[in-house]
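In: Sequence first, then the predicted structure:
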Amino acid sequence: MEEKEKEINEEEEKDVNNLEGNEQMEGPPEEEIQKEPQQQMVKEIEELKQKLQQKEAEAKEYLDIAQRLKAEFENYRKRTEKEKAELIDYGQEIVMLELLPVIDNFERALSSEGDYNSLKEGIELIYRQFKKILDKFGVKEIEAEGQIFDPYKHHAVMQEEVEGKQPNEIIEVFQKGYYLKDKVIRPSLVKVAK
């Protein structure tokens, strides 16, 4: 019986040793342990490459959008410049069409035979017609005589001491000045009292 117990003990020891050996064998070998971090790094690199490709595609899309916007803006700028030039040309055309009848009336007055008074009346009619056209386009005369000198509206070319006049009062207008709407387009040339 002792021998049988010994045999059983030896077999149990073998089984235990086999189990211990199997436990060591069951775990991954050292090479596989090193491969796992490498595989994980490769996987991460692939993911980063994909993200980079996505971002490059987005950047390309944004660049395309920016280039299209730039081209659209350039086209808009050119179109507005052209429209502005056309408006200026059209505005000039309107003014010229309004002035042509004045030229016609001057030609009629010059070709007519008559006395001085009828010629004078014709020129006065043309003058009123011309003033009416200027009013229509917002051109108005700057009142100057008797006014106090204003360097924004008047240009003093002479000064003279005159009794009964205030200093800087305009006493004579050599050339009328004009507004276009609210802007002075030509100041009045005036003589001012000292």
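Out: Thanks, I have it.
In: Where does pLDDT dip in the chain?
Out: Within the chain, the stretches with pLDDT under 70 are 1-6, 8-9, 11-34.
In: Please enumerate the helices of it.
Out: 2-26, 30-111, 116-136 (DSSP state H).
In: Show me how the record splits this protein into domains.
Out: 53-137, 139-194 (automatic domain parsing).
In: Single out the most deeply packed of those.
Out: Ranked by mean neighbour count under mean count of other CB atoms under 10 Å, these are led by domain 139-194, which reaches a mean of 14. Yep, even glycine has a C-beta here, placed from its N, CA and C like the rest.
In: Give me the distance between it and the centre of its chain.
Out: Here the centre of domain 139-194 is set off from its chain's centre by 40 Å, with CA atoms, centre = their mean, to the nearest Å.
In: Need the distance between the two termini of it.
Out: This stretch, domain 139-194, spans 31 Å end to end (CA to CA, to the nearest Å).
In: And for stretch 128-147?
Out: 25 Å.
In: contact partners of that stretch?
Out: Applying CB atoms under 8 Å, 6 or more residues apart in numbering, the contact partners of stretch 128-147 are 95, 98-99, 101-102, 105, 153-154, 169-173, 176-181, 184-185, 187-188, 190.
In: how about a cut-off of 10 Å?
Out: Residues outside stretch 128-147 that contact it (CB atoms under 10 Å, 6 or more residues apart in numbering): 91, 94-95, 98-99, 101-102, 105-106, 150, 152-154, 165-166, 168-191.
In: Can you tell me which of those residues end up in strands?
Out: Those of the contacts of stretch 128-147 mapping onto strands are 154, 170-175, 178-180, 183-186, 188-191, per DSSP state E.
In: coming back round to it: out of the domains of the chain, the one nearest residue 10 is which?
Out: Minimum separation from residue 10 across the domains of the chain (CB to CB) falls at domain 53-137, 65.1 Å.
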